[in-house]
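Student: Give me a model of this one.
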Amino acid sequence: MSIAEFIRPLNQFVDLLPVGVCIIDDEKKVRLWNRTIAGWSGRSTEEMVGEHLDRIYPHLDAPRYRYRIEQVLDGGPPAVFSSQLNAPFIPCPLPDGGMRLQHTSVIRQDRTDGVLAIIIIEDITELGHEIVRARSMRDQALGEVEERKKVEKALLFTNRKLNLLSGITRHDILNEVTVLLGNATFLDELLPDGTDEKKYLNTILRSTKRIQDQITFTSDYEGLGGEEPGWFDIRDVALKAFSLIGSDTITLDVQEGCFQVFADPMLEKVFFSLFENALRHGGGVTTITIRYHICEDESVISVTDDGAGIAENFRERLFERGFGRNTGLGLFLSKEILEITSISIEEAGREGEGARFLIHVPNDKVRREKQS
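Tutor: Predicted coordinates for the structure are as follows:
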């Protein structure tokens, strides 16, 4: 499908979205400028389409923006510009003279006659104000408490408030996405195969499902550090995670004996992600083996399988956000969970000999006997 064929049916659809959407080509010329961003910025669709985005907004030609946008156009991972680290991607003034806080994502789209970058801008001004107020509450609490334990409890309370706020926002967005997916699915069933309309609709469905996956991921990521770390028995955690996989083709072999690590309560997700990857991408895995080795400075937990292994050129980016054949979020989240208590993970297998993940645990985060 060409660029023109891709954009034409999107024009009316994106005008219905409550987020700003801009599409540029590899020359950074604007190919689509939806109604929402036109209203926010004060620049009409007619004024923007065909213009070079970085000529209208020169700050986008600065290295911190230009390099990341060019990386996306060159085939790199999606770029994210958060309101906490970046100025507004597209300056959009508020009636009171302030600027809208924005969370911006840049995603690549390949077409038969070129490459596009889809820029999605979310207005998080209200959320930002709530966060500022929550941070103010946190700062006040920090100034009032003297003992370290009281400070930690105050921070945990504030964090839960922030999680509640973002959870409500996420719930509302997911509801709208569900409605969109439902209606699009019904329409998909009505349209005959092989038509252009069917192709356009399938593109919308795939993009909407990716949005749904990304929003769902934020729920898991939000839980990081939400509860205090504790001691977890590796065998118990692994067996529970494996039971959630529900596979009758793979056997789990876990070393006997008690071996506990001090980790975030989301540790189970780490093992679930490793097992799920073996099931999805392992290439005929029949056995997953878990062993541990206690060394002088650290202990190592190995999770190996007898599948096809991981290609060498994949290994360096394996734990990057968005890299992978599914959502590309599971291993990234696993790394983040472990790092909360200074635990690291690497893949050390060989292609053709199965995957082999090594979890490195500092010995002060290890104990060999259960304690009541």
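Student: Tell me which helix or strand Glu189 sits in.
Tutor: Assessed by DSSP states H and E, Glu189 sits inside helix 148-190.
Student: Let me know the average pLDDT across that helix.
Tutor: The pLDDT scores in helix 148-190 average 67.
Student: just stretch 101-120 next, same as before
Tutor: Model confidence over stretch 101-120, given as mean pLDDT, is 91.
Student: quick check, distance from that stretch to the centre of its chain.
Tutor: The chain centre lies 16 Å from the centre of stretch 101-120; the measure is CA atoms, centre = their mean, to the nearest Å.
Student: Tell me which residues of it come out buried.
Tutor: Neighbour counts over stretch 101-120 (16 or more other CB atoms under 10 Å) mark 101-109, 115-120 as buried. (Each C-beta comes from the backbone N, C-alpha and C, glycine too.)
Student: Over to stretch 4-19?
Tutor: Quick answer for stretch 4-19 (16+ other CB under 10 Å): Phe6, Ile7, Leu10, Val14, Val19.
Student: Kindly reformat those residues as a markdown table and extend each row with distance to Val361 and secondary structure.
Tutor: Output for those, formatted as a markdown table (distance: CB to CB, whole Å; DSSP: H, G, I helix; E, B strand; the rest coil):
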| residue | distance to Val361 | secondary structure |
| --- | --- | --- |
| Phe6 | 48 | helix |
| Ile7 | 50 | helix |
| Leu10 | 48 | helix |
| Val14 | 47 | helix |
| Val19 | 42 | coil |
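Student: Would you reformat these as CSV and include distance to Ser344 and pLDDT?
Tutor: CSV is the format used below for the buried residues of stretch 4-19 (distance: CB to CB, whole Å; pLDDT from 0 to 100):
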residue, distance to Ser344, pLDDT
Phe6, 42, 87
Ile7, 44, 88
Leu10, 42, 85
Val14, 42, 87
Val19, 36, 89
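Student: May I see the residues you listed arranged in a markdown table, with distance to Ser44 as well?
Tutor: Listed next are those as a markdown table, based on distance: CB to CB, whole Å:
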| residue | distance to Ser44 |
| --- | --- |
| Phe6 | 22 |
| Ile7 | 17 |
| Leu10 | 18 |
| Val14 | 15 |
| Val19 | 18 |
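Student: Which of those sits closest to Leu239?
Tutor: Ranked by distance to Leu239 (CB to CB), those are led by Val19 at 42.5 Å.
Student: who are the neighbours in contact with that closest one?
Tutor: The contact partners of Val19, taken as CB atoms under 8 Å, 6 or more residues apart in numbering, are Thr36, Ile120, Ile121, Glu122, Asp123.
Student: tell me which element the nearest residue to Phe319 once chain neighbours are set aside falls in.
Tutor: Closest residue to Phe319 apart from its sequence neighbours, by CB to CB, 6 or more residues apart in numbering: Lys335 at 4.4 Å. Assigned by DSSP H and E, Lys335 falls within helix 330-339.
Student: which helices and strands does that helix pack with?
Tutor: If you count contacts as 3 or more CB pairs under 8 Å, 6 or more residues apart in numbering; DSSP states H and E, helix 330-339 packs onto helix 196-222, helix 267-281, strand 344-347.
Student: Output the below-cut-off pLDDT ranges for the stretch 1-150 of the chain.
Tutor: Low-confidence segments of the stretch 1-150 of the chain, defined by pLDDT under 70, span residues 128-129, 132, 141-150.
Student: where do the helices sit along it?
Tutor: Taking DSSP state H, counting those that start in this stretch, the helices of the stretch 1-150 of the chain run over residues 3-7, 10-14, 35-41, 45-48, 53-56, 63-73, 125-144, 148-190.
Student: Quick one: list the elements packing against the fifth one.
Tutor: When you say that, I think you mean helix 53-56. If contacts are counted by 3+ CB pairs under 8 Å, 6+ apart, helix 53-56 sits against no helix or strand.
Student: related to what we said a few turns ago, name the member of the contacts of Val19 with the most neighbours.
Tutor: Within the contacts of Val19, Ile121 tops the neighbour count with 25 neighbours, counted by other CB atoms under 10 Å.
Student: What residues does that one make contact with?
Tutor: Contact analysis of Ile121 by CB under 8 Å, 6+ apart lists Val19, Gly20, Val21, Cys22, Ile37, Trp40, Phe89, Ile90, Gln102, His103, Thr104.
Student: Enumerate every residue touching Val237.
Tutor: Val237 neighbours (CB under 8 Å, 6+ apart): Leu267, Glu268, Phe271.
Student: actually Ala241, sorry about that
Tutor: Residues in contact with Ala241 (CB under 8 Å, 6+ apart) are Glu268, Lys269, Phe271, Phe272, Phe275.
Student: Just the buried ones from these?
Tutor: Among the contacts of Ala241, the ones that count as buried by 16+ other CB under 10 Å are Glu268, Lys269, Phe271, Phe272, Phe275.
Student: Nearest to Gln140 among the residues you listed?
Tutor: Lys269 (33.6 Å).
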